[in-house]
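Q: Fold the following, please.
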Amino acid sequence: MLEEIRQQPAALERTLRSELNRIERFRRALEVRRPRLILIAARGTSDNAARFGRYLFAIATGIPVALAAPSVLTLYGAKLDFRDVLAIAISQSGESTDVNAVLERARAEGAITAGITNEPKSTLVHLAEFPFVVRAGREQSVAATKTYTGQLLMLYLFAYALGGRIRLDDLRRLPEWANRALRLESEAAAVCERYRFMDHAVVVGRGLNYSNAFEFSLKLMETTYVVAERFSTADFLHGPIAMVERAFPVFLFAPPGVTWPSVREMLGKLRHLRADTLLITDRSNAEARATGTRALTIPAKLSARGIEPEDLYTPIPYIIPAQLFAAHLAEEKGLNPDQPRTISKVTRTM
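A: Numbering: from 1, shown residues only. Here you go, the predicted model:
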């Protein structure tokens, strides 16, 4: 897992270089058939990437986005109206049975279909009208890391193809930003020592980093067996904050921009409750660093003049300190993050 986390800058650069020509062809096709709705089908870590896509596409393109519930088709046999729909399937292996079933049905009913996978010879590649491959290389660890960030990169490219406010020159900076995030490894390893006996936690993120709250909590659950709940700051204040008491661990993604005020408010409440809080942020958010809260701060400014919203490109570099934390916490607990109990790399459900 640690080795694959460290491979992410190269994997991102390789994916961007290899898939850009296909994205340009996809862009031209979408100019002719602009969708009225985007439907994304995925499971597990890929479903967390899909949550990012839901926010990104709506913010950058103005097109409504929905996350598919595969059982609506596979178990209930419902007939959906796929006219003028862009259906996207995301699967690390390309062999998720129910995700592929959604894509197959959507294409049969006239949808534009696209797939994102890490396996160029998978079933998903053959089912999608427009298949795209994350060039991460074979992932050996059961806990997905480099395929998740590769999927996020592909979703940025999809937003670009849909005419969204995404600049390719900014995307080309992501491998370097990911490399900057990797510099936090020793710091993440050191801070996780205080959480060795943690068995419950909460992870909070909002907007474009809401997906990272889900992904970080998933990594904690599958590699360290910590019961990690995940919330947006808004949902957390609507009741779940009642579980927080002195020394209760809360992890927060704290980018600059429109989501920061709600995170700042949350920090004030957590400080009053004497919770054990840890921020993931970067040098762009000077106010977060000035709070004195324990933080993993990426040594780079990820927001620059002309980038709107300010947190647009934070999700990929922000998840890397969380991945490092989970991997090192597993080792601190004497666990093997590469082979979590009872789960396997490919899961097939219907």
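
Q: Outline the domain layout of this protein.
A: Here the domain parsing of the chain from automatic domain parsing is 2-167, 176-332.

Q: so how far is the longest one from its chain's centroid?
A: When you say that, I think you mean domain 2-167. When distances are taken as C-alpha atoms, centre = their mean, to the nearest Å, domain 2-167 is centred 12 Å away from the chain's centroid.

Q: Arg165 and Pro309 touch, don't they?
A: No. Counting by C-beta atoms under 8 Å, Arg165 sits too far from Pro309 to count as a contact (9.3 Å). Using the backbone N, CA and C atoms, a C-beta is placed for each residue, glycine as well.

Q: So for those two, which sits in the more crowded spot?
A: For Arg165 versus Pro309, the count of surrounding residues by other C-beta atoms under 10 Å is larger for Pro309: 18 against 14.

Q: The residue nearest to the spatial centre of the chain and Glu310, how far apart?
A: With distances taken as C-alpha atoms, centre = their mean, Ala49 lies nearest the centre of the chain, 4.1 Å away. According to C-beta to C-beta, to the nearest Å, Ala49 stands 21 Å off from Glu310.

Q: Make sure the residue nearest to the centre of the chain is indeed in a helix.
A: Yes. Counting by DSSP: H, G, I helix; E, B strand; the rest coil, Ala49 is part of a helix.

Q: count of neighbours near the closest residue to Thr223 other than its chain neighbours?
A: Spatially, and ignoring its direct neighbours in sequence, Thr223 is nearest to Pro337 (3.9 Å; C-beta to C-beta, 6 or more residues apart in numbering). Other residues within reach of Pro337 by the criterion other C-beta under 10 Å amount to 23.

Q: In whichever helix in the chain runs longest, which residues are buried?
A: Looking across the chain with DSSP state H, the single longest helix is helix 8-32. Within helix 8-32, the residues that count as buried by 16 or more other C-beta atoms under 10 Å are 8-16, 19, 22-23, 26, 30.

Q: ok, now stretch 109-128?
A: Buried residues in stretch 109-128 (16+ other C-beta under 10 Å): 111-119, 122-124, 127-128.

Q: Okay, and which of the residues you listed map to helices?
A: Per DSSP H, the subset of the buried residues of stretch 109-128 in helices is 123-124, 127.

Q: before we move on, the earlier item: name the next helix or strand downstream of the longest helix of the chain, please.
A: For helix 8-32, the succeeding helix or strand toward the C-terminus, using DSSP states H and E, is strand 37-42.
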